[in-house]
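Visitor: return a 3D structure for these sequence lines:
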Amino acid sequence: MYEDIYEEKIIRGEPLPFQLPGWIACAPFEEYLGMKIEEAREGKALLSMPFQAKLAQGKGLMHGGAITALADTAVAMAIKSLLPEGTHFVTMSLALKFHAPVTGGTVRAVATTSMKDERTIEGVAEVFDENDVKAATFTSLFRVKRGG
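Guide: Residues are numbered from 1 along each chain as shown. Down below sits the predicted model:
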């Protein structure tokens, strides 16, 4: 959907060269990585991403940055399933612990969220390979902008 704008520069103060098709939808970066939102509701989300060559590190494993991006996006979609459309929120902190390498197939991230206070949301995502081996555990804190 966004292929034609992948190389366009984003300029501060200028309109974005894209528009999301919905509140819970992949942005250009997420689409570029091949993410698919399988489900997002009631503070939970399931996303998948195929292991393509563009996601490999030098030894042929899935790059840790790609795994992190999938987990972060899964938590963000779980959060979107709780908040009113258009609410602004950002990742404040994140941590990722690797358990096993991803060597092929499709990975999936299973995310859950919990409200810590009126503006802070904690997120956890577990990333699994195609054989249901847990590859990583992601933990994060998100902050909702004052006034939504």
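Visitor: doesn't residue 4 fall inside a helix?
Guide: Yes. Counting by DSSP: H, G, I helix; E, B strand; the rest coil, residue 4 is part of a helix.
Visitor: tell me the pLDDT of it.
Guide: Among the per-residue scores, residue 4 shows a pLDDT of 94.
Visitor: same deal with residue 148?
Guide: As predicted, residue 148 sits at a pLDDT of 54.
Visitor: same deal with residue 15?
Guide: On the pLDDT scale, residue 15 is placed at 96.
Visitor: neighbours of it, how many?
Guide: By other CB atoms under 10 Å, 7 other residues sit near residue 15. All C-beta atoms are positioned from the backbone trio N, CA, C, and that covers glycine.
Visitor: ok, residue 103 next?
Guide: Burial measure for residue 103: 16 neighbouring residues, criterion other CB under 10 Å.
Visitor: one more: the one 3 residues further on?
Guide: Using other CB under 10 Å, residue 106 has 15 other residues around it.
Visitor: contacting residues for it?
Guide: Shown in contact with residue 106 (CB atoms under 8 Å, 6 or more residues apart in numbering): 48-51, 130.
Visitor: next up, phi/psi of it, please.
Guide: Here is the backbone geometry of residue 106 (degrees, to the nearest 10): phi -110, psi 130.
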